[in-house]
Each structure stands twice: as structure tokens, then as C-alpha cells.
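Asker: predicted model and sequence follow; I will ask about them next.
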Amino acid sequence: MTVPGAVGADALLVIGDVVTDVVARHRAPLAKGTDTAAAIRILPGGAGANVACWAARWGCRDVRLLARVGQEEAGWHDARLRAAGVGPLLVPDAEAPTATVIALVDESAERTFLTDSGAVLRLSPADWSPSLLGGVGHLHLSGYLLFADTSRQLALLALESARALGIPVSVDPASAGFISVLGVDRMLTALSGADILVPNADEARLLTGLPDPADAAAKLSRHVPLTVVTLGAGGALIAESGTVTAHVPSVPAEAVDSTGAGDAFTGAFLAARLAGADAATAAAEGCRAGADAVTLTGGRPDQRRPPHAG
């Protein structure tokens, strides 16, 4: 049996959120007080779950996801994660429903979210055991866990457990809006001890107060040694220990829905890192996955498409 932190441990453990997404694509501007025609789909989502699914899609053979979901929807989400190649470690909640997000996607593929966190933020230290790190070579935390006391305690406990075993930890800050509510100082404190940070440009600017993403990446990498700032169509910036070391270009794609593009980047990036890639090579894989993601509705890979060949 492979033990936590041992040479050859190659599983990815994601701790995060499972969400039921209601995706509404509308071509006309929203008409206040009346109807706006839209194409509406109900899909599985959640930043943590999406990252796990994209990591599996990008070749990580052992991906596990710890999350809390409403008891009634647990079976539906479990089946969809397994179909995507992810091993679900779902905690059913009898009192709170699965988180729900309404994603309004306009003609430019830009999206606006309405979020009901539901069971996500009820993930607690009681749901954690260091034994969950058995065979794990990397731990990834969804930043959404950091926005409530109970789930933040679980995230920090898992981070501490991983650090004690020499397992690298990455964090996706998740949401500029939620960071503003929590407070930048509290967020930066929660990120202490992480090895990799994967913010988008808005999150990087907010966390540093610097308008230029390159300056923000460099500053953040003095707090978290490897910081990768995603820039959408601008690709990604890599900063290490205070210095920007690479700007990785994006991959051209015809965007349909940008939901989950950052999660796709992170999942592919982590899969490549676990396979031994350096930061720039892993970021290039992330950009390829992000380009794939924007051609789809929703935040998960399309299992009907041929598997990625890199």
C-alpha cells in the first residue's frame, strides 16, 4: 500500500464544492420585469468538482474529491463524478441541499453567477481524516471553503495534514466577490502554507492591490512560492518566489460559455504537474484545457468527445 507522502504517491485529492448548475444562455440583454428567451440546462458543477473532472480528463489516473452535498442529490452527483473518472468521497447532508448556482451567460460568453452555497460550507473537521491522504501526491483546495468558519477549519486542517507529510498543496482563491466580503488579510492568512496559488487576474489584483497582473503575480509569489495567474484569452503568467518567470499564451477557441474555464486550466495544470511537468509546460496544458472548456456549455469536460491526446 502506498502511504501518504511516499515516493510514487500519484493521486490527486481535491477538497471543494459540488454544485448543481443552472446555466441560462441568453442572446438578448436581460429584460427587467419580463421574459428573456434563453437556452437553459441543469448540469453538475462546482469549482472543486470541475477541477477534479478536468484533471481526470487530462490523464490523472487517480483523482478523488471530498465534498458535502444534499442527501437527496448525492446519488446523481456521485454517478456523474464516477462517469468522469473521479472517485467521489461525498458526505451526504440531511439538513442542507446541494449548492446551486444560476449562471447567466450572455452573447459574449461572459457569465454572471447567483450562488446558494447550501451544503458546501458545512464541510467540517469531522469530515476529515489524515487517512484520506493515503497514496496522495498532491492536495488541491477550492477557495470557496475558506469563506465560512466551518469549512475553513476543515481546509486548514487538511492543509496542515498534507504539509506534515510533505504533500504539496494548491489553492484556487475562487471568487473576487467572496474575497472582498471575507477580507484580503484574512484570505492571505488562510493561504499561508500553500505551495501553489492559481488566481485569475481579478483575484490577483484584489489580493495585492496592484493593477498590473504581472506585478500582482510577482507579489503573490512572495507569499505562495508558485503563483499562476490566469488571464483568459491572455494566457497565463507564472511567478516564482517574487519573479515572473513565464508568460504562457492562450490557445485560440470559439467561446460558447466561459463557465469552468479556470477550473479546466487548474485541473489540467495539476495533472501535468503530477506527471512531472515544469510550471510552464503544465500551464500550457492548462491553457489547452481552458480552450476546450469555453467551447462547451457548463464547467465539466464532454465525455462524448475523444479523450485528450497531448
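Answerer: Right, received. Where do you want to start? Residues are numbered from 1 along each chain as shown.

Asker: the helices in the stretch 201-310 of the chain, which residues?
Answerer: Along the stretch 201-310 of the chain, the segments classed as helices by DSSP state H, counting those that start in this stretch run 201-208, 213-220, 261-274, 279-293.

Asker: identify the residues contacting V198.
Answerer: When contacts are counted by Cβ atoms under 8 Å, 6 or more residues apart in numbering, V198 touches 170-173, 227-230, 262, 265-266, 269. All C-beta atoms are positioned from the backbone trio N, CA, C, and that covers glycine.

Asker: ok, which of the helices of the stretch 201-310 of the chain comes nearest L165?
Answerer: helix 261-274 (15.7 Å; Cβ to Cβ).

Asker: quick one: the closest one to helix 201-208, angle?
Answerer: 80 degrees (axes from the mean of the first three to the mean of the last three Cα atoms, to 10 degrees).

Asker: just the helices of the stretch 201-310 of the chain: most buried one?
Answerer: Of all the helices of the stretch 201-310 of the chain, helix 261-274 has the most neighbours on average by mean count of other Cβ atoms under 10 Å, namely a mean of 29.

Asker: thought T100 was touching V18?
Answerer: No. Taking contact to mean Cβ atoms under 8 Å, the distance of 10.8 Å between T100 and V18 leaves them out of contact.

Asker: those two: which has the busier surroundings?
Answerer: Here T100 and V18 are compared on neighbour count by other Cβ atoms under 10 Å; more neighbours surround V18, at 32 against 18.

Asker: returning to what we had before: H77: which of the helices of the stretch 201-310 of the chain is closest?
Answerer: helix 261-274 (15.6 Å).

Asker: packing partners of that closest one?
Answerer: Under the contact definition 3 or more Cβ pairs under 8 Å, 6 or more residues apart in numbering; DSSP states H and E, helix 261-274 sits against strand 11-15, helix 47-57, strand 136-142, strand 169-172, strand 226-230, helix 279-293.

Asker: just the angle between the second one and strand 136-142, please?
Answerer: Translated: helix 47-57. Relative orientation of helix 47-57 and strand 136-142, computed by the same axes, to 10 degrees: 140 degrees.

Asker: next SSE after helix 47-57?
Answerer: Using DSSP states H and E, the next helix or strand after helix 47-57 towards the C-terminus is strand 63-70.

Asker: who does that following strand pair up with?
Answerer: Using DSSP bridges, the strands paired with strand 63-70 are strand 11-15 (parallel), strand 86-93 (parallel).

Asker: please identify the deepest-packed of those strands.
Answerer: Mean neighbours per residue, mean count of other Cβ under 10 Å, is largest over the strands paired with strand 63-70 for strand 11-15, with a mean of 26.

Asker: pLDDT weak spots in the stretch 201-310 of the chain?
Answerer: 305-310 (pLDDT under 70).

Asker: what do you get if the cut-off is 80, keeping everything else the same?
Answerer: 256-259, 297-298, 303-310 (pLDDT under 80).

Asker: now do the strands in the stretch 101-250 of the chain.
Answerer: Per DSSP state E, counting those that start in this stretch, the stretch 101-250 of the chain carries strands over the ranges 111-116, 136-142, 169-172, 196-197, 226-230, 236-240, 243-248.

Asker: who's in contact with the nearest residue to E110 once chain neighbours are set aside?
Answerer: Of all residues not flanking E110 in the chain, S258 sits nearest, at 6.3 Å (Cβ to Cβ, 6 or more residues apart in numbering). The neighbours of S258, taking Cβ under 8 Å, 6+ apart as the test, are 105, 109-111, 232, 293-294.

Asker: quick one: S258 from P301, how far?
Answerer: Here the distance between S258 and P301 works out to 15 Å (Cβ to Cβ, to the nearest Å).

Asker: sorry, back to before: between the contacts of S258, which has the most around it?
Answerer: Most neighbours among these, by other Cβ under 10 Å: A293, with 30 neighbours.

Asker: can you pull the contacts of that one?
Answerer: 54, 258-261, 263-265, 299, 301.

Asker: I'd like the distance between G16 and D106.
Answerer: If you go by Cβ to Cβ, the gap between G16 and D106 works out to 26 Å.
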